[in-house]
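Enquirer: here you go, sequence then predicted model.
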Amino acid sequence: MLTVQRHRFRLVVALLSGAAIAGAAASSSAATPRPGDQVLKPEPVRRHLVVGYSSQQALNQALARFPARIVRRLPRLGAVSVDPEMHRDHFAAGLSALPGITFVNGLRTRSFHAEPALVAVFRPGLPYEWQYVATRTNEVPEPILRAAAGVKIAVIDTGADLRHPDLAAKSPETWDIVHKRSDVRDLDGHGTFVASLAAGSVSNDEGIAGFGGDAKLLIVKASGKDGMFTEVDEAAAIVYAVDHGAKVINLSLGGEGSSVIEKRAVEYAATRNVLIVAAGGNEYEDGNPVEYPAALLQPPGSKGQGGLGLVVAATTMAGKRAYFSNTGTHISLAAPGDSVFGAVATTSAGRDWPRYLLPGSSSGLYGWSSGTSFSTPQVAGAAALVWAANPGLTAQQVSGVLKSTATGRGRWTPSLGYGVIDVASAVGAATGQVIRERVQGNATLKFGVWRTRSVRTRKLAKSRIRPVRVSAWLRSSAPAVSPAYRVVTLEIRRNNRWHRIARTTTKWTGHVRWTVGLRSGTHRLRVSYGGRWDLSGAQSRILRLRVR
């Protein structure tokens, strides 16, 4: 979701919750700007309030007694955003006591998260867009990819670089909900990356393949110059997407706490059979907070059951929870989110979004990034394919298909929900077909001492450290699954715990060799491989080694 290692947006909260907010003090913590960003003063947003009403007449009568400038109207949600002429606390206290006024709230800001950083690390032996293969999206039949043209995915984000070939080929509809215009230029880069994963073209022989096949794309920009926005902007964007035909809405955004207006927008989409997919958040190491709107879609305590949408966690190449990915009883399922490959906007800062010229690509910029923001559009695209396979499904049924066919196979955990999406299996289930199980090679690790050398230097002899050369061989049971270029770890047992002492990548033969320094005595060593979607994890036998 959009905070990155170089500029870590922390949530800006300016909410006075409850129907009556008189006497409460608004709190706000400003986002940390990036170099070159224009810093906008938070005061105008802090002054604004959201007013819910039961009828237009009730609103008119209330504003006649307590004057305020209407900043934004959201008639479908029965609310307006206003800038009071008097002190906001006095305005809120007076207005909330009037008949026909259902609530008065301050604003919560929402940020797009891309934590824990942009990581331009290509691993040999992997396809660039490894997440496409890891989720078996590459096994979805061509007719389903074409049929997805009947489904529209809305990406509510920082806009998009419409000149990027993977997005230009889709001729997306666009709207800037803040400035009321069709220009959705993406100065941040987050929205471009997300949109390419959700619905980048799969048939333009250029760049990457989006998860949504030929699904139509609607870009709704919800951020201002500072890259931030409020839950009112989010709510207005959701209503706009629903009213303009979106079947799936991607929200790679979030923050702590919710509001009535946000809840109404989510319910507005749900009652119109629209599936919202939201990021679970990247703050596991910062207290693992429950984030919204995610928790409105899959309520805390639900353990993946029911809900109004899907909440997505992030995984590594090995299918494990990414260290930054939030956990909790509101997580629905997961998708790859650690170093995934996508489109980079030409309008974004190169220091924030490292570029990679993709071999075979004539135009467009690409790179790697991490975060639940980038797991979420994969699930949104997968939902479009499930709907393409069976247009008669409801939004809740599409959600159920994705959960039941994920790698958990019906087992839920707070880290990954029902597991990593298996797109081929989900599409097969939607059409009533039985899809073959994922082919995965079973790994084995052999490990032994290759040769030891005598110590000749006085310094080493005095410290009694001996250099020991050890080797390991990784093998795969499936001929098509290579053991090459896999990261394996050498570990030593100390104080009843295993400690890493070396890590490296296997050669094309699956072989790896280390030289390590060990003190005289008896040691227990082992080698471990964490696994990946195509090759299971493995551990060698424990080697008991006596060093003289």
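Expert: Nice, thanks for sending it over.
Enquirer: from now on I want contacts and neighbour counts done on CA atoms only, so please keep to that.
Expert: Will do.
Enquirer: contacts only, for the nearest residue to residue 135 once chain neighbours are set aside.
Expert: Excluding the flanking residues, the one nearest residue 135 by Cα to Cα, 6 or more residues apart in numbering is residue 422, at 5.0 Å. Neighbouring residues of residue 422 by Cα atoms under 8 Å, 6 or more residues apart in numbering: 135-137, 402, 405-407.
Enquirer: distance of residue 422 from residue 387?
Expert: Residue 422 sits 15 Å away from residue 387, going by Cα to Cα, to the nearest Å.
Enquirer: likewise residue 187?
Expert: 32 Å.
Enquirer: those two: who's more crowded?
Expert: The residue with more neighbours, out of residue 187 and residue 387, is residue 387; 26 against 21, by other Cα atoms under 10 Å.
Enquirer: so for that one, what's the pLDDT?
Expert: Confidence at residue 387, expressed as pLDDT, is 97.
Enquirer: which strand or helix spans it?
Expert: helix 372-389 (DSSP states H and E).
Enquirer: distance from that helix to the middle of the chain?
Expert: 11 Å (Cα atoms, centre = their mean, to the nearest Å).
Enquirer: after that helix, next one along is what?
Expert: For helix 372-389, the following helix or strand on the C-terminal side (DSSP H and E) is helix 395-404.
Enquirer: show residues contacting that following helix.
Expert: Residues from elsewhere that reach helix 395-404 (Cα under 8 Å, 6+ apart): 270, 273-275, 306, 308-310, 332-333, 382-383, 386-387, 410, 418-419, 421-423, 426, 429-430.
Enquirer: now stretch 405-420, how far from the centre of its chain.
Expert: 16 Å.
Enquirer: for that stretch, output the C-alpha coordinates as CSV.
Expert: The C-alpha coordinates for stretch 405-420 follow below in CSV (Å, rounded to 0.1, in the frame of the first residue of the first chain):
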residue,chain,number,x,y,z
THR,A,405,-9.6,-22.8,-4.2
ALA,A,406,-6.7,-21.0,-2.5
THR,A,407,-3.7,-23.1,-1.3
GLY,A,408,-5.2,-23.5,2.2
ARG,A,409,-7.8,-25.7,0.6
GLY,A,410,-10.4,-24.7,3.2
ARG,A,411,-8.0,-24.1,6.1
TRP,A,412,-7.9,-20.6,7.4
THR,A,413,-4.9,-18.9,9.2
PRO,A,414,-4.5,-15.4,10.6
SER,A,415,-1.4,-14.9,8.5
LEU,A,416,-2.6,-15.9,5.0
GLY,A,417,-6.4,-16.4,5.4
TYR,A,418,-7.4,-19.2,3.2
GLY,A,419,-4.0,-19.2,1.5
VAL,A,420,-2.5,-18.0,-1.8
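Enquirer: buried ones in it?
Expert: 405-408, 412-420 (16 or more other Cα atoms under 10 Å).
Enquirer: now do stretch 217-233
Expert: 217-224, 226-233.
Enquirer: what do you get for stretch 267-281?
Expert: Residues of stretch 267-281 classed as buried: 267-270, 273-281 (neighbour count, 16+ other Cα under 10 Å).
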